[in-house]
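Novice: here's my sequence, what's the structure:
(2 chains)
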There are 2 protein chains.
Amino acid sequence: MAQGTLLYSQSGGVTAVINATASGVITEARSRGIKVLAARNGILGALREDLVDTSKETATAIRGLAHTPGGAFGSCRYKLKSVEEDAAKYERLLDVFRAHDVRWFLYNGGNDSADTANKVSKLAARFGYPLTCIGVPKTIDNDLAVTDCCPGFGSAAKYTAVSVREAALDVAAMAETSTRVFIYEAMGRHAGWLAAAAGLAGKGPDEAPHLILFPERPYDEADFLARVRQVVDRVGWCVVVASEGIRTADGRFVADSGGGKDSFGHTQLGGVASYLAGRVKDQLGLKVHWTLPDYLQRSARHLASRTDVDQAIAVGRAAVRFALEGRNATMPVIVRTSDRPYRWKIGSAPLHKVANHEKTFPKSFIRRDGYGISDKARTYLEPLIRGEAPPPYGKDGIPTYVTLKNVPVKKKLPAWEG
Amino acid sequence: MAQGTLLYSQSGGVTAVINATASGVITEARSRGIKVLAARNGILGALREDLVDTSKETATAIRGLAHTPGGAFGSCRYKLKSVEEDAAKYERLLDVFRAHDVRWFLYNGGNDSADTANKVSKLAARFGYPLTCIGVPKTIDNDLAVTDCCPGFGSAAKYTAVSVREAALDVAAMAETSTRVFIYEAMGRHAGWLAAAAGLAGKGPDEAPHLILFPERPYDEADFLARVRQVVDRVGWCVVVASEGIRTADGRFVADSGGGKDSFGHTQLGGVASYLAGRVKDQLGLKVHWTLPDYLQRSARHLASRTDVDQAIAVGRAAVRFALEGRNATMPVIVRTSDRPYRWKIGSAPLHKVANHEKTFPKSFIRRDGYGISDKARTYLEPLIRGEAPPPYGKDGIPTYVTLKNVPVKKKLPAWEG
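Specialist: Numbering: from 1, shown residues only, chains lettered A, B, ... in the order given. The predicted structure is shown next:
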């Protein structure tokens, strides 16, 4: 059996299924007799020697992680600079790894985390310490390079499509005497992946969402309002899905338009849906409602995609295998082998091909008129929201989400003065 | 067998389960050989003679209604005045009823709808037309008198509790380096029922939601901000649930504070969560996120409460029985016969005891400190979100919600000039 400890950590914005990956990691490592510690709050926990011992958790708890949203060990947004610039931090990391015999480090996150993992992976060669560093993919933004899709995205996408379908049924029923226009704000500061997923809620041009605003296309207010008017005239009501990242032709974020200060000097928080709703009301005189689901869309484990949960667990298990095989500086990725039927397998990518690259949303995924998704987008997106994986519910009507004991590992080093 | 036609109609804001009531109505009537027409868009459809023939729908479609949110026949917000003031409209209604041999009229809605049903119920005596009018309860606001709870509320309550629990797990994981305060805006302009339901997401004072703002208590900004500070200092992060209906001591809606016009003269749409988030940011300097679920909370059939669905179907079935028994001017209601175990049965209420009355949120449901729910509230609320009743999902990963054919009934009268 391999000797040493595996250190796992969660990084960046959490998702409905990042704990499913953790569950996969711990289950796979346990089956191989490998001890797993977890760093609290991402790389910060590693620097602070703030570690927990996952062997203190029951098998039931680890299975339960697979249906629990959030980040069971805490996450962080914290970027390490290069080994040269942040030398002291890397040396501290090595001290912590040495102190706890960490031979395998798994960093579970998005773009920035792949970058961090890539930097840490270089420690092995530089300091002659036998460390294998593996990046594990995760992000609702679906913007990691190489992998066909990112664990976390499918569930957020399913939440988006289902929520838009449901709200549209409400609006359709009430349009005669109440709300005519409904605006849904989807996450995605840089790319329209989640806004596009809303397109799965309907098919023909008269089915909601009638208009999708992508960050990939400049927001043209006159054109947008004219189209809302056309849809309302034709269908009787209109559902709009807007990405939080849309910008005007001069590059200004529309979300910032609604912000600023009010006459009392109070901060006005912006938001795309709020802004667009105000324009529809002012310019078209139509009754409008809007929603900002915010974190609900990335934590809705109750509505997770089966495909997404399966992939999240699979990348966790594969990461352990890669680690034990000594495949330093790699990331397990999802490879799509067939669209119909949808088939996928685990492949691998060198971390340097993931770090600081971004998978952009293809122009070919946007419908010719610019306000919907193409058939190509449907073919790509639809399998990712397929299947259900509901959590168990308690007698109290709420999912039985797991809280880990997170038993701290005794510190061996002086406190970090970071 | 009874002779005549039963006319069913949906009114007011729709819910995740009003169609379950429709399913109960149609199923029960079919089993008794009674023909059911539905008026489109509530009472407007009756006035316009805009009726559909539900006998054209398959049994599968009617069963499917029980898991489909929205209002399958359309709804409306439209208030009839007294029989004296709106005489022409009531005469028109009678003409339509006569033309289609409508002997039973079921009006499915909230407070205003009970009032309309109550007025229509008087036509029988006044004009000697043999009509039995039954009100059927529905509202996510849970503010109907007499009934222990209102169909529609339990599912919105479950959505609220589960969403708050899930988002709280996200915030807890990220608080170290990101969002410290999360604010959830719950529907409820007049009463804190849905905000209170969020309280089911956690138990002790350190579990989310940490602070609930009820419309029943004046909003005291200094006190609120001090408590947010305290929770963040103690727990590390803070989840706030605010009812959209909170007001300051002088009676002003807090939601209106964030509104008005910006410096370009554009409408700024207000909102409680947006406003509170701005205050937390300005006054406490903490990173804050907020959500406005809006219609998502009342259309989330995918997360319906089993109790709620059962009760929604039961009031529909009972309404048909009441109608056939000639119990004019009544409403089937939910009677709670036991808290532990939770047991309920169908009872009846005279419409005049429901119309224009409002069930207020009991002061005793608010925790002594004013920012949470009491044990008494838990005992009342918890059974209402109990049990799951997920819709079937298609291969595309989206619930298979039903769209009715809604075959129009041939008009027999001249158009209504209303």
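Novice: quick check: closest non-adjacent residue to A:Asn95.
Specialist: One thing to correct before we go on: residue A:95 is Asp, not Asn. A:Leu413 (5.9 Å; C-beta to C-beta, 6 or more residues apart in numbering or on different chains). Backbone N, C-alpha and C define where each C-beta goes, glycine included.
Novice: against B:Asp282, how distant is the one you found?
Specialist: 40 Å (C-beta to C-beta, to the nearest Å).
Novice: rewinding a little: list the contacts for the residue nearest to A:Asp95?
Specialist: Applying C-beta atoms under 8 Å, 6 or more residues apart in numbering or on different chains, one finds that A:Leu413 lies in contact with A:49, A:95-96, A:99.
Novice: please spell out the PyMOL selection for the buried subset of the residues you listed.
Specialist: Remark: buried members of the contacts of A:Leu413, expressed as a PyMOL selection using 16 or more other C-beta atoms under 10 Å in any protein chain shown:
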select buried, chain A and resi 49+95+96
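Novice: among the contacts of A:Leu413, which are in helices?
Specialist: Cross-referencing these against helices under DSSP state H gives A:95-96, A:99.
Novice: contact residues of the stretch 301-418 of chain A facing chain B?
Specialist: Within the stretch 301-418 of chain A, the positions lying close to chain B (C-beta under 8 Å from any C-beta of the partner chain) are A:301-303, A:305, A:382, A:385-388, A:390, A:393, A:395-399, A:401.
Novice: just the buried residues of the residues you listed.
Specialist: A:301-303, A:305, A:382, A:385-388, A:390, A:393, A:397-399, A:401.
Novice: now do the same end-to-end measure for stretch A:279-293.
Specialist: From its first residue to its last, stretch A:279-293 covers 20 Å (C-alpha to C-alpha, to the nearest Å).
Novice: how about that stretch: buried residues?
Specialist: Quick answer for stretch A:279-293 (16+ other C-beta under 10 Å): A:279-281, A:283-284, A:286-293.
Novice: okay, those in a markdown table with pLDDT, distance to B:Ser338 and secondary structure next?
Specialist: Shown next, in a markdown table, are these (pLDDT from 0 to 100; distance: C-beta to C-beta, whole Å; DSSP: H, G, I helix; E, B strand; the rest coil):
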| residue | pLDDT | distance to B:Ser338 | secondary structure |
| --- | --- | --- | --- |
| A:Arg279 | 95 | 53 | helix |
| A:Val280 | 97 | 49 | helix |
| A:Lys281 | 95 | 48 | helix |
| A:Gln283 | 97 | 55 | helix |
| A:Leu284 | 98 | 52 | helix |
| A:Leu286 | 97 | 48 | coil |
| A:Lys287 | 96 | 43 | coil |
| A:Val288 | 96 | 45 | strand |
| A:His289 | 96 | 39 | strand |
| A:Trp290 | 96 | 42 | strand |
| A:Thr291 | 97 | 38 | strand |
| A:Leu292 | 96 | 40 | strand |
| A:Pro293 | 97 | 37 | coil |
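Novice: which member of those residues is positioned nearest chain B?
Specialist: A:Thr291 (4.0 Å; C-beta to the nearest C-beta).
Novice: looks like that closest one contacts A:Ala168 (just checking).
Specialist: No - counting by C-beta atoms under 8 Å, A:Thr291 does not reach A:Ala168; the two are 11.7 Å apart.
Novice: host element of the residue of the stretch 151-300 of chain A found nearest chain B?
Specialist: Nearest to chain B in the stretch 151-300 of chain A, going by C-beta to the nearest C-beta, is A:Leu169, at a distance of 2.8 Å. A:Leu169 is located in helix A:153-174, with elements delineated by DSSP states H and E.
Novice: in the next helix or strand after that helix, what counts as buried?
Specialist: Next helix or strand after helix A:153-174 toward the C-terminus (DSSP H and E): strand A:181-186. By 16+ other C-beta under 10 Å, the buried positions in strand A:181-186 come out as A:181-186.
Novice: quick check: angle from strand A:181-186 to helix A:153-174?
Specialist: With axes from the mean of the first three to the mean of the last three C-alpha atoms, to 10 degrees applied, the angle from strand A:181-186 to helix A:153-174 works out at 170 degrees.
Novice: quick check, strand A:181-186 touching chain B?
Specialist: Yes - applying C-beta under 8 Å from any C-beta, one finds strand A:181-186 touching chain B at A:Phe182.
Novice: what lies in contact with that strand?
Specialist: So strand A:181-186 is in contact with A:160, A:163-164, A:167-168, A:171, A:194-195, A:197-198, A:209, A:228, A:232, A:237-244, A:271-273, A:276-277, A:280, A:284, A:286-293, A:297, B:295, going by C-beta under 8 Å, 6+ apart.
Novice: in its sheet, which strands sit next to it, and in what direction?
Specialist: Partners of strand A:181-186 in the sheet, by DSSP bridges, are strand A:238-243 (parallel), strand A:288-291 (parallel).
Novice: now the ones you listed as TSV including distance to B:Phe361?
Specialist: Listed next are the strands paired with strand A:181-186 as TSV, based on distance: least, C-beta to C-beta, whole Å:
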stretch	distance to B:Phe361
strand A:238-243	32
strand A:288-291	24
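Novice: residues in contact with the residue lying closest to A:Lys376 once chain neighbours are set aside?
Specialist: Using C-beta to C-beta, 6+ apart and skipping residues adjacent in sequence, the residue nearest A:Lys376 is A:Ser364, 5.4 Å away. The contact partners of A:Ser364, by C-beta under 8 Å, 6+ apart, come to A:374, A:376-377.
Novice: just to check, the residue of the stretch 151-300 of chain A closest to chain B is in contact with B:Pro399?
Specialist: No - applying C-beta under 8 Å as the test, A:Leu169 and B:Pro399 come out as separate, 10.3 Å apart.
Novice: so A:Ala168 sits against A:Ala201, correct?
Specialist: Yes - taking C-beta under 8 Å as the definition, A:Ala168 is a contact partner of A:Ala201 at 6.7 Å.
Novice: ok, the residue of chain A most remote from its centre - contacts?
Specialist: For chain A, the largest distance from the centre (C-alpha atoms, centre = their mean) belongs to A:Thr177, which lies 38.2 Å off. Residues in contact with A:Thr177 (C-beta under 8 Å, 6+ apart) are B:41, B:44, B:76-78.
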